[in-house]
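S.K.: give me a 3D structure for the following:
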Amino acid sequence: MLECYVSGQSLKLYTPVIAADSLHYLTGLVHFSGSDWDGHSAWLHFRRGETVYDVALDESGAFGEEAELTLTAGEWELYLTGSDGEDRLTTVPLQLTVKASGLVDAPLHPMPLSVAEQIDSKATNALAFAAAVKAAAEAGDFDGEDGKSFVIGGFYDTYAELTAAVSDPAPGEAYGVGTTIPYDIYIWDEINLTWKNNGPIQGARGETGAAGATFTPSVDTNGNLSWTNNGGLENPVTRNIKGPTGATGPAGADGQSPYSAAVENGYTGTEATFNAALAAVPYHNARHLPEGADPITVQTGNLANGAVTLEKMAAAAKAAFVAYDTDQSGNTSAAQKAQGRKNIDAASKAYLLWQNASPGSSFAAQNISVDPRGYACIDVFFCQWIDSGGKVDGYVRVPVPASGTQYFSLGAVANANTVRHWCSLSASSARIHFDDCTIYPTYCNQTGRTNNEMCVPVRVYGIK
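M.R.: Down below sits the predicted model:
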């Protein structure tokens, strides 16, 4: 007896020596460990070249002599498969060695058929059986007596009308009785000489059933086919229907050069000029402003110092309007300040980000919320009073850092004193931090004193 042990997809074999050429002798038993194979129909397969035996196992995992397992000498591959209708289990194959027998004089049994020969043999037998059945049918071997058709002879409103109208019925004669369908069917019983009510043949019309559910398929980008339905029913299992990646197609023909295409569409310049213009496209795109204006860039020295440029116009406008924006003396009206701010915005692409609600009060250490992202730099305008009672207006332009913190200061020299608000700009936290205003005797490395009224931030602009 062949004994095999299965655990998951692992197959082990314990068996004595097996000799070739035996007939109706070999039996086997497969021991299953664990629950993986529960509920599965299992087959034990023996394969050597084109010769294959597929042996079905019973519920105990055994097979008997009726399997007619006849193995010739040599190396056989042994493996197990199982199925529960949807899933399929397999094991790794083993090598089974069948040794030659001592049978040399007696005639040997025929070699087992190959898989193709087995299929062909079964198909031939099936065709022969079908031909025999057809011949028997054509010879009339299956002909029986003609049956009698069931015929309803007519309809009567009542049983009394039926008995009055049909006084000498034949055996099995049938009539319908009633005024509406379904009619009761009365059949004459010749043995008891009476009409038997067999009830209606057709039942009453049933109610319309509920609408069925509609299943809708969907395939995602990974090739997974899934289903949804509007009836609350269980959906089929998702399956992947994506095939393997196809082979790379042949390379296409070389395309036309950009210069040749431009010439065909009317370009008349040289190829060198065209290539130079093409190389400048990325720089042009990088300089393109959101409003659609296309600035003209001129290399340093190509314009006389006295030439008018957009930058010079913006600087002059800002210098002219800064006094309006920061003036706290009362000589500038609110309308003039508002107009000055509009002019600053128009001339230098400046956008107001913050304004001091109390520019005439002291300004102690604090954080203000300013989001500088999207701007190249910010301008911080301030007012500074000097000890003699005069006022100095100014601003500081601070580059916006891509990350981290940009440090800067507000203030100027006043009456041989240095006035400083030490500040920091953080793009990531969208804020500006101001320290207390410190007055130093001469230089910033000396001991100073705090006076938050000396230097007061007024407005902050974002510059594009």
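
S.K.: what helix or strand does Gly231 sit in?
M.R.: Following DSSP states H and E, one finds Gly231 outside all helices and strands.

S.K.: same deal with Ser121?
M.R.: Judged by DSSP H and E, Ser121 forms part of helix 115-138.

S.K.: give me the contacts around that helix.
M.R.: By Cβ atoms under 8 Å, 6 or more residues apart in numbering, the residues outside helix 115-138 that reach it are Glu50, Thr51, Val52, Leu113, Phe142. For the C-beta atoms, the positions are set from N, CA and C on the backbone; glycine is no exception.

S.K.: average pLDDT for it, rounded please.
M.R.: Confidence over helix 115-138, taken as the mean pLDDT, stands at 85.

S.K.: now swap in stretch 353-373 and tell me
M.R.: 91.

S.K.: in it, which residues are buried?
M.R.: Neighbour-count burial for stretch 353-373, counted by 16 or more other Cβ atoms under 10 Å, picks out Leu353, Trp354, Asn356, Pro359, Phe363, Val370, Pro372.

S.K.: Arg239 versus Asp220, what's the distance?
M.R.: 12 Å (Cβ to Cβ, to the nearest Å).

S.K.: please read the previous query as pertaining to Glu77.
M.R.: If you measure Glu77 against Arg239 using Cβ to Cβ, the figure is 31 Å.

S.K.: so which of the buried residues of stretch 353-373 would you say is closest to Pro244?
M.R.: Proximity of these to Pro244, judged by Cβ to Cβ, is greatest for Pro372, which lies at 52.4 Å.

S.K.: what about that closest one, which SS state?
M.R.: Taking DSSP: H, G, I helix; E, B strand; the rest coil as the rule, one finds Pro372 in the coil state.

S.K.: mind listing the strands in the stretch 51-200 of the chain by residue range?
M.R.: Using DSSP state E, counting those that start in this stretch, the strands of the stretch 51-200 of the chain run over residues 51-56, 62-63, 74-83, 88-90, 94-98, 152-156, 174-177, 184-189, 194-200.

S.K.: contact partners of the shortest one?
M.R.: Right, strand 62-63. For strand 62-63, contacts defined as Cβ under 8 Å, 6+ apart pick out Thr27, Gly28, Leu29, Val30, Leu44, Val55, Ala56, Leu57, Leu69.

S.K.: out of the residues you listed, who has the most neighbours?
M.R.: Using other Cβ atoms under 10 Å as the neighbour test, the contacts of strand 62-63 are led by Leu44, with 24 neighbours.

S.K.: distance of the nearest residue to that one once chain neighbours are set aside from Ala365?
M.R.: By the measure of Cβ to Cβ, 6 or more residues apart in numbering, the closest residue to Leu44 outside its immediate chain neighbours is Val55, 4.7 Å from it. If you measure Val55 against Ala365 using Cβ to Cβ, the figure is 92 Å.

S.K.: same deal with Leu78?
M.R.: 87 Å.

S.K.: Thr97 too?
M.R.: Thr97 sits at a distance of 93 Å from Ala365 (criterion: Cβ to Cβ).

S.K.: Gln406 too?
M.R.: Using Cβ to Cβ, Gln406 is found at 18 Å from Ala365.

S.K.: Gln406: what secondary structure?
M.R.: Once three-state DSSP is applied, Gln406 turns out strand.

S.K.: in contact with it, which residues?
M.R.: Residues near Gln406 by Cβ under 8 Å, 6+ apart: Val398, Pro399, Val400, Ser424, Leu425, Ser426, Ala427.

S.K.: buried among these? Need that as a selection in ChimeraX.
M.R.: Here is the ChimeraX command that picks out the buried ones among the contacts of Gln406, judged by 16+ other Cβ under 10 Å:
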select :398,400,424,425,426,427
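
S.K.: can you list which of the contacts of Gln406 are found in strands?
M.R.: Filtering these for membership in strands, criterion DSSP state E, returns Val398, Pro399, Ser424, Leu425, Ser426.

S.K.: any weak-confidence spans in the stretch 251-400 of the chain?
M.R.: For the stretch 251-400 of the chain, residues meeting the criterion pLDDT under 70 lie at 281-348, 386-390.

S.K.: re earlier: quick one, which of Glu77 and Arg239 is more surrounded?
M.R.: In terms of neighbours (other Cβ under 10 Å), Glu77 is the more surrounded of Glu77 and Arg239; the figures are 14 against 11.

S.K.: follow-up on the earlier one: distance to Lys12 for the contacts of Gln406 - can I get that in a markdown table?
M.R.: Written out in a markdown table, the entries for the contacts of Gln406 read as follows (distance: Cβ to Cβ, whole Å):
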| residue | distance to Lys12 |
| --- | --- |
| Val398 | 79 |
| Pro399 | 76 |
| Val400 | 73 |
| Ser424 | 75 |
| Leu425 | 75 |
| Ser426 | 70 |
| Ala427 | 69 |
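
S.K.: got the domain ranges for this protein?
M.R.: The record's domain split for the chain, according to automatic domain parsing, is 2-102+111-117, 152-200, 258-288, 351-463.

S.K.: buried stuff in the third one?
M.R.: If I follow you right, that is domain 258-288. Neighbour-count burial for domain 258-288, counted by 16+ other Cβ under 10 Å, picks out Tyr259, Ala262, Tyr267, Phe274.

S.K.: no more questions from me, cheers.
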